[in-house]
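**Student:** Quick one, fold the following:
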Amino acid sequence: MDRSNNFDFIRLIFATFVIISHSYVLSGDTEGDFLYRITNGQTMLSHIGVSGFFVVSGYLVFQSLCRSLSVREYFIKRVRRIVPALFVMLCITLLVLPIVYDNNLPYLKNMEVWTYIPRNLFLANQYHITGIFENNPYPRAINGSLWTIRYEIVMYILLATLFIIRHKRLYIMILSVSVWVFCVIALLSLPSEILQINIGLRINNLLQLGACFWGGVACSSLNLYVFRRFFPLVFVAVSAIATIATIYGVLDSVFYIIIPFAVISFALYPLPYIKSIGDRIGDLSYGLYIYAFTIQQMIVFFFHPTSLILIFVSIAITIPFAYASWHLVEKRFVRCR
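**Tutor:** The predicted structure is shown next:
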């Protein structure tokens, strides 16, 4: 794929969006971020961030599938991208948590400490250890960002079923658009009781993130890059639709239709300076995403900052962790993707 694009930059933006939204929740600020306020609760920055991540993932992971010589190679590349940095982060987390541990039971005798890494590494999602962050405004949660990883893995598995026909663009286009449309229609038509069903994965989340991921796959299969000269117009049109929908209170009805076009049109239209940000500093987005929540909880535990202060302080502290994660861990495993 042509490296003249804004994917690294837009992923940094999405990770920052998640940090900003979490700063309000974790500091106990019930007003929510500015996007939540101006849209009257129809969306928030973290919603845009996570949705955008899945669009980008669908677009790029499909290309990784096309470059893979076997399903085994494809899955190895996916594991190398996700697991090493996750494992290191979980280990570092356990090493620093004793400074905020408040429990009569000694830290190393608490069985939740010993299950924390394997459960999160194998996507069982253990969010808490008794005695950690019990009195924070958002209590007990050590890393609430990890919930999306299991949905990402599900998308990887579903995409792998298309391996045999990965080079047949027409078939991929039809299938990916069909799944994308199915997710959107299901979100708009299924009753809330069904959408809230939890089968290990919440139906609502599965459909929302599925719409984003398969929207990205569809954009990749359509080879939209050849139309990049028109992307500024597409981005403006999509933004106008989103604005009008927000004004009329129907953003939910169009969000999962327009976000793949908004994200990919911006990502594929190379802009001076930002198109090469990944070459200069590395791809820090994953590190920002997996380290920030715990860092924010620790800042709140010790200093009880306002949401605005938490935003800036947590970003400043998380960036070095993300930088180290990329250059010392992630980059060593993702040279062949």
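
**Student:** Leaving out sequence neighbours, find the closest residue to residue 150.
**Tutor:** Spatial nearest neighbour of residue 150, chain neighbours left out: residue 123 (4.2 Å); criterion: Cβ to Cβ, 6 or more residues apart in numbering. Any C-beta I mention is one placed from the backbone N, CA and C, and that applies to glycine too.

**Student:** Then that neighbour would be within a strand, right?
**Tutor:** No - judged by DSSP: H, G, I helix; E, B strand; the rest coil, residue 123 forms no part of a strand; its state is coil.

**Student:** count of residues packed around it?
**Tutor:** 17 (other Cβ atoms under 10 Å).

**Student:** State whether it and residue 153 are indeed in contact, as I suppose.
**Tutor:** Yes - the criterion here is Cβ atoms under 8 Å, and residue 123 meets it with residue 153 at 6.3 Å.

**Student:** Could you report the separation of the residue nearest to residue 150 from residue 203?
**Tutor:** Computed as Cβ to Cβ, to the nearest Å, the residue 123 to residue 203 distance reads 18 Å.

**Student:** Give the full set of residues in contact with residue 274.
**Tutor:** Shown in contact with residue 274 (Cβ atoms under 8 Å, 6 or more residues apart in numbering): 6, 9.

**Student:** per-residue confidence for residue 181?
**Tutor:** For residue 181, the pLDDT comes out at 96.

**Student:** what helix or strand does it sit in?
**Tutor:** If you go by DSSP states H and E, residue 181 is part of helix 169-189.

**Student:** For the following helix or strand past that helix, which helices and strands make contact with it?
**Tutor:** Moving toward the C-terminus from helix 169-189, the next helix or strand (DSSP H and E) is helix 192-195. Identification of packing neighbours for helix 192-195 by 3 or more Cβ pairs under 8 Å, 6 or more residues apart in numbering; DSSP states H and E yields helix 203-221.

**Student:** Give me the contact list for whatever helix or strand comes next after the helix it packs on.
**Tutor:** From helix 203-221 onward toward the C-terminus, using DSSP H and E, the following helix or strand is helix 231-247. Where contact means Cβ under 8 Å, 6+ apart, the residues beyond helix 231-247 that reach it are 39, 42-43, 251, 253-255, 258, 261-262, 265-266, 268-269.

**Student:** and if you look at stretch 325-337?
**Tutor:** 64, 67, 77, 80-81, 84-85, 88-89, 282-284, 286-287, 290-291.
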